[in-house]
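> here is my input; please provide its structure:
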Amino acid sequence: MDENVAEFLRRSILKIPLHAIKTILKTWDFLSENQLETINLRQRKESLAQEIILLCEGKNATLDDMALLDIVYTQVHRHKKLWDVFEMSKEPGEDVDLFDMKQFQGSFKKILQRALKNALKIASKHHQMVHLNLRSRHLDSLKAIVFREYNQNFDSHSTTVPLQEESFGLDVNLDSNIILENTEEKERIQRVTQETFGTYSQPQLEFAQYKLETRFKSDISGGILADRKEPLRCLVKFSSPHLLEALKSLAPAGIADAPLSPLLTCIPSKKMNYFKIRDK
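So this is what the prediction gives:
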């Protein structure tokens, strides 16, 4: 086996978690069941990698086989990668048809030596590919945003559930008007939040980034900033393990006013979590 192939395989085995090695190798379907049974997982990772390399040497493994193993690993551990979204389109007037996946795979493999972007366009018979400025580690959430699938089962169930007052066991005589006002405000916040986000779980994104370019505005001349020809630039980034759910909870938690800024709530509809904001 070529030493480049062996090194590719060694690195692949070293990055796979020990508990997942058998599963990934079985899905890879390159080694036989009997060969998989002989693999000793109770040893150092480096020794384990060398054992698997020896098994693959006997079957003349190639770089194509290693690429397939890497694809299997990526499918299982897809949340460890940051994925970008592109939108493909055809020329005006052309029918938008679903391409045959087997034909696509065959065409894609033949032209893979070209740039990846061109390979995707040619194999899928599209003429243009545009970056959507949408990234996440969660492929299912990206798919839901792009195809607007996150709210398909909830459109007809956006009713408002009245909030129930909690009792803390305190004997306090509160003005009934204050209680009514607080209850109405909570119900308003919940209604606005549901109108904005829906009642369904939000797609999972980890961040939203905003690049701002603006010129300093002042009636006072002669200042350093006022005379500056270049625009002021700043970067604001919101991060969370589940950003949209976090944004959805801000107003009900009393942390922000309702409704939130459209710059925060438009992420799914705009299909973006990278924004550039400039002066009009």
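
> please enumerate the helices of this structure.
With DSSP state H, the ranges of helices along the chain come out as 3-15, 21-28, 33-38, 45-57, 63-76, 101-110, 116-123, 139-146, 176-197, 243-250, 262-265, 267-270.

> orientation of the longest one relative to helix 243-250 in degrees?
Meaning helix 176-197. Direction vectors for helix 176-197 and helix 243-250, defined by axes from the mean of the first three to the mean of the last three CA atoms, to 10 degrees, enclose an angle of 160 degrees.

> circling back: turn the helices of the chain into CSV, columns for distance to residue 211 and mean neighbour count.
C-beta here means a position set from N, CA and C on the backbone, and glycine is covered the same way. Compiled in CSV, the helices of the chain are given as follows (distance: least, CB to CB, whole Å; neighbours: other CB atoms under 10 Å):
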stretch, distance to residue 211, mean neighbour count
helix 3-15, 33, 15
helix 21-28, 39, 16
helix 33-38, 50, 11
helix 45-57, 42, 16
helix 63-76, 30, 16
helix 101-110, 34, 12
helix 116-123, 24, 15
helix 139-146, 21, 19
helix 176-197, 24, 14
helix 243-250, 17, 18
helix 262-265, 12, 14
helix 267-270, 15, 17
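
> redo these as a markdown table? Include mean pLDDT.
Formatted as a markdown table, the entries for the helices of the chain read as follows, by pLDDT from 0 to 100:
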| stretch | mean pLDDT |
| --- | --- |
| helix 3-15 | 93 |
| helix 21-28 | 94 |
| helix 33-38 | 93 |
| helix 45-57 | 94 |
| helix 63-76 | 89 |
| helix 101-110 | 70 |
| helix 116-123 | 71 |
| helix 139-146 | 90 |
| helix 176-197 | 83 |
| helix 243-250 | 94 |
| helix 262-265 | 93 |
| helix 267-270 | 92 |
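
> which among the ones you listed is found nearest to residue 206?
Minimum separation from residue 206 across the helices of the chain (CB to CB) falls at helix 243-250, 6.2 Å.

> dump that closest one to CSV, restricted to CA.
Included here for helix 243-250 are C-alpha records, laid out as CSV according to Å, rounded to 0.1, in the frame of the first residue of the first chain:
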residue,chain,number,x,y,z
LEU,A,243,-28.6,30.9,19.5
LEU,A,244,-32.2,31.1,18.2
GLU,A,245,-33.7,29.5,21.3
ALA,A,246,-31.6,31.9,23.4
LEU,A,247,-32.9,34.9,21.5
LYS,A,248,-36.5,33.5,21.8
SER,A,249,-36.1,33.4,25.6
LEU,A,250,-34.8,37.0,26.0
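
> dump the helices of the chain to TSV, plus distance to residue 214.
What follows is the helices of the chain, written out as TSV (distance: least, CB to CB, whole Å):
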stretch	distance to residue 214
helix 3-15	44
helix 21-28	49
helix 33-38	60
helix 45-57	52
helix 63-76	40
helix 101-110	44
helix 116-123	33
helix 139-146	28
helix 176-197	26
helix 243-250	24
helix 262-265	14
helix 267-270	20
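
> those helices: which one's closest to residue 229?
Minimum separation from residue 229 across the helices of the chain (CB to CB) falls at helix 262-265, 26.8 Å.

> mind listing residues that contact that closest one?
Helix 262-265 is contacted by residues 196-197, 208, 210, 238, 247, 259, 275, 277 when judged by CB atoms under 8 Å, 6 or more residues apart in numbering.

> please identify which of the helices of the chain is closest to residue 91.
helix 116-123 (11.8 Å).

> before we move on, back to that, and of the helices of the chain, who's closest to residue 133?
Judging the helices of the chain by CB to CB, what sits closest to residue 133 is helix 267-270, at 8.7 Å.

> what is that closest one packed up against?
Contact analysis of helix 267-270 by 3 or more CB pairs under 8 Å, 6 or more residues apart in numbering; DSSP states H and E lists helix 243-250 as its packing neighbours.
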